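Sequence plus predicted model, see below.
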Amino acid sequence: MEKFQTETVYQAAKSWVLEAGEMIRKRIDDPREIDTKSNENDLVTEMDKAVEQFFANKIRTHFPGHFILSEEGFGDKVEALTGTVWIIDPIDGTMNFIHQKRLFSISLAVFHEDVGEIGLVYDVMADVLYHAKKGQGAYKNERLLQRIANAKTLETSIFMMNTLWTTENPYVDDVKVRELVKRVRGVRTYGSAALEFAYLTEAIVDGYVSFKLYPWDFAAGAILYNEVGGVIKQADGSPLSFLKQEPLVAGHPDIVDEVISRYLELK
């Protein structure tokens, strides 16, 4: 088995993420070419594609034996996280990017032989980089983030979820989800799953529920959150899968199992 060169890959990934962020900031006010994908709210721009191609070119030049799993079509066909796999969302929160020009991120994770080794989530417009190497803690810029410690109840928790899940939908019993919303202290929606995992890691929110995420939406954030002791499970209680688009729950260790057992009835 090839030894994974953590620091070499990490330094390259960090440099490229910051370079891509600068490229986006310089062109933030340019006219946008906007297309739709699976539906009218599933948006993609020429910038999504340009940033993904930037990463693909860098990886294939410097790490030709590595694989790429990404959103916009410049990656490889990846069916297992064997070898070294980069999981990339060039702009997570494209709707925010288009309409608000903020609250979007670059999400980049590197897996080696099924293990998440490196995670980076870059809040481009705020110039804030959340980053982690497995077993070495999670950071916000240069500040080490503390591990989750304080006991937590649902009544004192702030949750994140798309308000779609509180209405009739094909994934989950919306009545039970509304019961969860009534019980927690508050609910927030930020529009970028990667940033939402970063906020979990920073402990400024306590829980997260989603029923429709792709690997590139959460892979980097999951690596970050694992480093501070957060819990992430599929919504049926099974271990997290990084290659499936299945419902998931993330949060403080004290609350995840109760959310799954009492409030998430999958259809």
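The structure has been received and is ready for your questions. Numbers count the residues shown, from 1 in each chain.

So for I24, what's the nearest residue that isn't a sequence neighbour?
Nearest residue to I24, sequence neighbours excluded (Cβ to Cβ, 6 or more residues apart in numbering): V124, at 5.2 Å. In short, each C-beta sits where N, CA and C put it, glycine included.

Contacts for the strand or helix carrying V177 next, please.
For V177, the enclosing helix or strand under DSSP states H and E is helix 174-183. For helix 174-183, the external contacting residues (Cβ atoms under 8 Å, 6 or more residues apart in numbering) are 154-155, 159, 161, 165-168, 187, 209, 259, 262-265.

same question, stretch 56-72
Surrounding stretch 56-72, the residues in contact under the criterion Cβ under 8 Å, 6+ apart are 2, 9, 12, 16, 44, 48-49, 52, 55, 74-76, 78, 83-90, 214-216.

wait, F218 sits on A194?
Yes. Contact criterion Cβ atoms under 8 Å: F218 and A194 qualify, at 7.1 Å.

Show me the contacts of helix 174-183 that map onto helices.
Assigned to helices by DSSP state H, the following of these qualify: V259, R262, Y263.

Can you tell me how far D92 is from V121?
Using Cβ to Cβ, to the nearest Å, we find D92 at a distance of 8 Å from V121.

Touching both of the two, which residues are there?
Common neighbours of D92 and V121 (criterion: Cβ under 8 Å, 6+ apart): S105, I106, S107, A194, L195.

and the second one, what are its bridge partners?
Translated: I106. Each beta-bridge partner of I106 is listed here: Y122, as defined by DSSP bridges.

Could you pull out the strands in the chain for me?
Under the criterion DSSP state E, the chain carries strands at the ranges 34-36, 43-45, 67-70, 84-92, 105-112, 115-123, 128-133, 138-140, 143-144, 158-160, 186-188, 207-210, 231-234, 248-251.
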